[in-house]
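S.K.: Got a predicted structure plus its sequence, pasted below:
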Amino acid sequence: MIQKLSADERSKLGSILPAWQPVSGRDAIRRQLQFADFNAAFGFMTRVAIKAQEMNHHPEWFNVYNRVEITLATHEASGITTRDVELAGFIDSIAGASCC
């Protein structure tokens, strides 16, 4: 069974994933992204979806036109785990110059 991050691991999240914010009232992290247009946002979401499927770890997300909001938490652990850190890192690596 996958475990939630330890207090020490959690304390390092801000430096590892500076674009991600804690979710109020939940053990989860969230990032909001904005792209040039819907096509860029949808293309980004497609790339994330492929990686999420490979990991069998699926994000909660919301999309309106060029905006994408992603929330990550591992439901089976009821909180943030290394799976979330790995997926967030991938998301950050592909967001690059195409967003924000």
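M.R.: Nice, I can see it. Not measured: the values here are computed from a predicted model.

S.K.: The spatially most central residue of the chain - nearest residue in space that isn't next to it in sequence?
M.R.: The centre of the chain sits closest to Ala88, judged by CA atoms, centre = their mean, with a distance of 4.0 Å. Using CB to CB, 6 or more residues apart in numbering and skipping the chain neighbours, the partner closest in space to Ala88 is Leu17 (5.1 Å). To be clear about C-beta, it is placed using only N, CA and C from the backbone, and glycine gets the same treatment.

S.K.: before we move on, back to that, is the residue nearest to the centre of the chain within a helix or a strand, and which one?
M.R.: Ala88 belongs to helix 82-95 when assigned by DSSP states H and E.

S.K.: Can you list the buried residues in that helix?
M.R.: Buried positions in helix 82-95, judged by neighbour count with 16 or more other CB atoms under 10 Å: Arg83, Asp84, Val85, Leu87, Ala88, Phe90, Ile91, Asp92, Ala95.

S.K.: I'd guessed the residue nearest to the centre of the chain sits against Arg30; true?
M.R.: No - under the criterion of CB atoms under 8 Å, Ala88 makes no contact with Arg30, lying 9.9 Å away.

S.K.: Touching both of the two, which residues are there?
M.R.: Trp20, Leu72 (CB atoms under 8 Å, 6 or more residues apart in numbering).

S.K.: just checking, what packs against the helix holding Ala88?
M.R.: On a contact count with 3 or more CB pairs under 8 Å, 6 or more residues apart in numbering; DSSP states H and E, helix 82-95 meets helix 13-16, strand 29-34, helix 38-55, strand 67-72.

S.K.: mind redoing it with 7 Å?
M.R.: Helix 82-95 sits against strand 29-34, helix 38-55, strand 67-72, with contacts defined as 3 or more CB pairs under 7 Å, 6 or more residues apart in numbering; DSSP states H and E.

S.K.: Identify whichever of these lies nearest to Ile2.
M.R.: Nearest of these to Ile2, taken as CB to CB: helix 38-55 at 11.7 Å.
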